[in-house]
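A.B. asks: The sequence and its predicted three-dimensional model are supplied below.
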Amino acid sequence: MSTHSDTAVFEGSLSRGLNASAAPVEIRLGDTGLEMGSPGGPTVWLWPYHRLRSSVPLSSKSRDALITFEPEGGYTLFVPNPAFAAQLLGKVPALSAGRQRWRAARPALAAVAALLAIGLAAWRFELHPAQAVARVMPQQTREAVGRQVISSISRDRKACETPASRAALDKLTQRLSAAAPEKGMSVRVVVLDWNLINGFAVPGRQIILTRGLINAARSPDEVAGVLAHELGHAIELHPETGLVRAMGYTAASQLIFAGSAGTITNLGVLLTHLRHTRMAEREADQHAVRLLKGAGISSKGFGDFLERTYGGAPSAKSASKGGKANGPMSDGLEVISTHPPTAERIAMVRAQPSYTATPALSEEDWRALRDACGAAPQPAPAQPAPQPEQKPAADATADREIAEATRTLETKPNDVAALQKRARAYTKNQQHEQALADYTRAIGLKRSDASLHFGRGWANQSLRRYEDALRDYDEALRLAPDHAAARNGRGNANRALKRFEAALTDFDHLIRFNPKFVAAYYNRALVLIDLKQPDDAIRDLTAAIDLDKDYAGAYAQRGLLHERSGARDRAIADFRAALAVPPKFESGAWAHRTARTRLKELGAETQ
């Protein structure tokens with residue numbers, strides 16, 4: 001393995017074949033190949049330079065790179081960074097347009113011809129590789145793909161539409177699209193009955209807004225700002241470009257030749273996993289402020305919505321000093337994105353000069369749009385969330401174990417086993433600072449012990465030092481890739497840091513390799529609740545209960561979700577079930593308190 005202490009670190013995404021999921025990775029250009037690992041973690045993959053292939057030739061002006069590594073079974077790496085493309089070309093001249101070694105075998109001759117034509121077009125006109133493919137895609141194909149995405153997503157969610165709301169939404173859409181570079185651009189916008197606070201563009205200049213977004217907005221100008229941002233993505237073909245990146249060039253070329261969405265299944269699921277690059281987000285923002293100005297709608301609403309809804313982003317003044325936004329702006333189906341808004345983006349919106357503006361909608365039209373889905377369900381009162389299931393249960397023998405280990409250490413101060421025994425006992429006693437000190441000392445004596453790194457990670461996590469905990473869990477997994485407790489701990493730490501996608505990756509891994517890991521289902525459900533995906537969370541809580549009928553925490557969490565959805569009888573049944581089982585695990589006491597409180601509020605007697 002080559003050293004990389006003095007090389008730049010690039011961000012990218014790693015995917016395989018036609019799978020929609022893509023994992024974030026950090027990449028360094030080492031001496032012998034690309035060195036990759038999870039963000040903030042150790043290097044776990046090395047792709048030798050001589051094994052790399054590029055579907056589209058690189059040039060000194062390439063804005064991104066899509067690299068494949070054949071020995072690993074079709075893994076694809078996408079890096080949206082011009083500096084990476086230039087440096088990689090310096091390391092591997094064979095990836096250039098003049099020296100690219102094209103692979104002979106392709107699934108179909110039509111796919112080969114498409115890839116070659118698209119690659120040459122991208123090289124000739126200096127386009128993004130993925131964007132070049134997207135631009136070749138016929139408009140009727142884009143629209144078909146978009147319709148399939150909307151149909152897939154709306155299968156279990158009704159469209160929020162009345163004649164009055166449709167008229168209001170059309171007025172707003174036409175007002176904004178009239179200011180687009182392409183005059184008379186046709187745009188389709190739908191509103192879904194979905195509590196998620198979001199809006200996103202799909203292929204074919206089609207946009208989805210959610211009920212949660214409209215309910216969270218305090219004025220039609222705020223909705224107009226989000227809609228203008230999504231129109232910016234549509235103008236730049238960002239949804240189509242993201243689809244090509246996720247599908248791969250071969251499948252995309254087959255889609256182009258077929259001329260419809262029928263060649264690729266589950267497009268709705270695929271699009272929900274996509275993330276826009278930082279450059280794409282900036283381009284969409286720039287379009288948004290231009291469209292708002294051209295339509296005579298104030299951009300203040302857009303800035304207000306970003307700052308209020310996504311976690312209190314700093315003002316333009318603080319942004320100019322290099323501050324970062326605390327909250328995310330998402331263009332996928334999750335509230336968090338791998339490309340959250342920076343303070344500079346919000347500052348850009350805030351810095352727009354004043355101009356003559358009128359409200360995006362009249363009071364009557366705004367009321368019609370808000371009332372399209374009917375009265376919003378009232379959520380149950382907030383309850384204190386339980387801690388994720390991981391911490392060892394309290395043990396009455398902890399004091400005795402501490403005393404025994406201390407006596408051993410008085411005569412053998414470097415006894416690693418005694419240090420670990422005492423650290424574990426301190427953990428049972430909630431004495432996490434003392435446990436941290438013992439684990440650190442033991443690691444200094446035996447760095448290769450994964451269990452010590454896990455123990456210190458849990459101590460750091462208990463002290464809410466989540467970044468330190470992640471480093472410890474990463475090291476434990478480097479030493480022992482199958483260390484389930486370390487992976488579970490890392491998922492919980494990422495959840496605490498609101499890195500929900502990383503957390504889901506860890507819990508998915510645990511469940512895939514051990515379908516009976518009950519805590520992984522519960523912890524994944526907590527992440528899904530954070531992401532406002534109640535149906536999926538209920539699925540995981542039910543799986544946890546199926547594995548352990550005495551899981552009080554899972555019953556209580558499922559009861560809360562049923563109550564919030566208006567399923568009163570189901571909620572009461574779950575709260576009663578929570579009280580009927582012993583309060584084991586860390587969530588047990590919370591579950592009993594919550595169940596009693598909710599049953600009282602619901603007017604149901606406890607049993």
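C.D. replies: The structure has been received and is ready for your questions. Numbering: from 1, shown residues only.
A.B. asks: How is the protein divided into domains?
C.D. replies: 10-105, 139-358+365-370, 389-482, 515-607 (automatic domain parsing).
A.B. asks: Give me the mean pLDDT for the third one.
C.D. replies: It stands for domain 389-482. On average, the pLDDT along domain 389-482 is 87.
A.B. asks: Equivalent analysis for the longest one, please.
C.D. replies: Mean pLDDT, domain 139-358+365-370: 73.
A.B. asks: and that domain, how far apart are its ends?
C.D. replies: Using Cα to Cα, to the nearest Å, the end-to-end distance of domain 139-358+365-370 comes out at 32 Å.
A.B. asks: Just send the domains of the chain back as a markdown table, with mean neighbour count too.
C.D. replies: The C-beta positions use only the backbone N, C-alpha and C, and glycine is treated the same way. Listed next are the domains of the chain as a markdown table, based on neighbours: other Cβ atoms under 10 Å:
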| stretch | mean neighbour count |
| --- | --- |
| domain 10-105 | 17 |
| domain 139-358+365-370 | 20 |
| domain 389-482 | 19 |
| domain 515-607 | 20 |
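A.B. asks: which residue sits farthest out from the middle of this protein?
C.D. replies: In the chain, counting by Cα atoms, centre = their mean, Thr411 sits farthest out from the average C-alpha position, at 51.0 Å.
A.B. asks: Distance-wise, check Gly444 relative to His483.
C.D. replies: Gly444 sits 20 Å away from His483, going by Cβ to Cβ, to the nearest Å.
A.B. asks: Find the helix or strand that His287 is a member of.
C.D. replies: Using DSSP states H and E, His287 falls within helix 278-295.
A.B. asks: Check which helices and strands the one helix or strand Arg166 maps to sits against.
C.D. replies: Assigned by DSSP H and E, Arg166 belongs to helix 163-177. Packing partners of helix 163-177 (3 or more Cβ pairs under 8 Å, 6 or more residues apart in numbering; DSSP states H and E): strand 188-192, helix 220-235, helix 278-295, helix 363-370.
A.B. asks: Only alpha carbons, please: show the third one as CSV.
C.D. replies: The one in question is helix 278-295. What follows is helix 278-295 as a C-alpha-only set of coordinates in CSV (Å, rounded to 0.1, in the frame of the first residue of the first chain):
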residue,chain,number,x,y,z
ARG,A,278,-22.4,20.3,-5.2
MET,A,279,-21.9,21.8,-8.6
ALA,A,280,-25.4,20.8,-9.6
GLU,A,281,-26.9,22.3,-6.4
ARG,A,282,-25.1,25.6,-7.1
GLU,A,283,-26.4,25.6,-10.7
ALA,A,284,-29.9,24.9,-9.5
ASP,A,285,-29.7,27.8,-7.0
GLN,A,286,-28.4,30.1,-9.6
HIS,A,287,-31.3,29.2,-11.9
ALA,A,288,-33.7,29.6,-8.9
VAL,A,289,-32.7,33.2,-8.2
ARG,A,290,-32.8,34.1,-11.9
LEU,A,291,-36.3,32.5,-12.3
LEU,A,292,-37.6,34.2,-9.2
LYS,A,293,-36.4,37.6,-10.3
GLY,A,294,-37.7,37.1,-13.9
ALA,A,295,-41.1,36.1,-12.5
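A.B. asks: Can you tell me what sits against it?
C.D. replies: 63, 80, 175-180, 224-225, 228-233, 235-236, 238, 241, 276, 298-299, 302, 329, 331, 339, 341-342, 345, 348-349, 352, 355, 360 (Cβ atoms under 8 Å, 6 or more residues apart in numbering).
A.B. asks: Give me the angle between it and helix 163-177.
C.D. replies: Angle, helix 278-295 to helix 163-177, by axes from the mean of the first three to the mean of the last three Cα atoms, to 10 degrees: 100 degrees.
A.B. asks: again, but for the second one
C.D. replies: Between helix 220-235 and helix 163-177, the angle formed by their directions is 60 degrees, by the same axes, to 10 degrees.
A.B. asks: repeat for the last one
C.D. replies: With the same axes, to 10 degrees applied, the angle from helix 363-370 to helix 163-177 works out at 110 degrees.
A.B. asks: helices or strands up against the helix or strand that comes right after helix 363-370?
C.D. replies: If you walk from helix 363-370 toward the C-terminus, the next helix or strand you reach (DSSP H and E) is helix 398-411. Applying 3+ Cβ pairs under 8 Å, 6+ apart, one finds that helix 398-411 makes contact with helix 416-428.
A.B. asks: Work out the gap between the helix it packs on and the centre of the chain.
C.D. replies: Counting by Cα atoms, centre = their mean, to the nearest Å, helix 416-428 is centred 36 Å from the centre of its parent chain.
A.B. asks: Strands along this protein, start to end?
C.D. replies: 10-16, 22-29, 33-37, 45-48, 52-54, 65-69, 75-79, 188-192, 199-202, 206-210 (DSSP state E).
A.B. asks: I'd like to know which of those is closest to Arg495.
C.D. replies: For Arg495, the closest of the strands of the chain is strand 22-29, at 15.8 Å, according to Cβ to Cβ.
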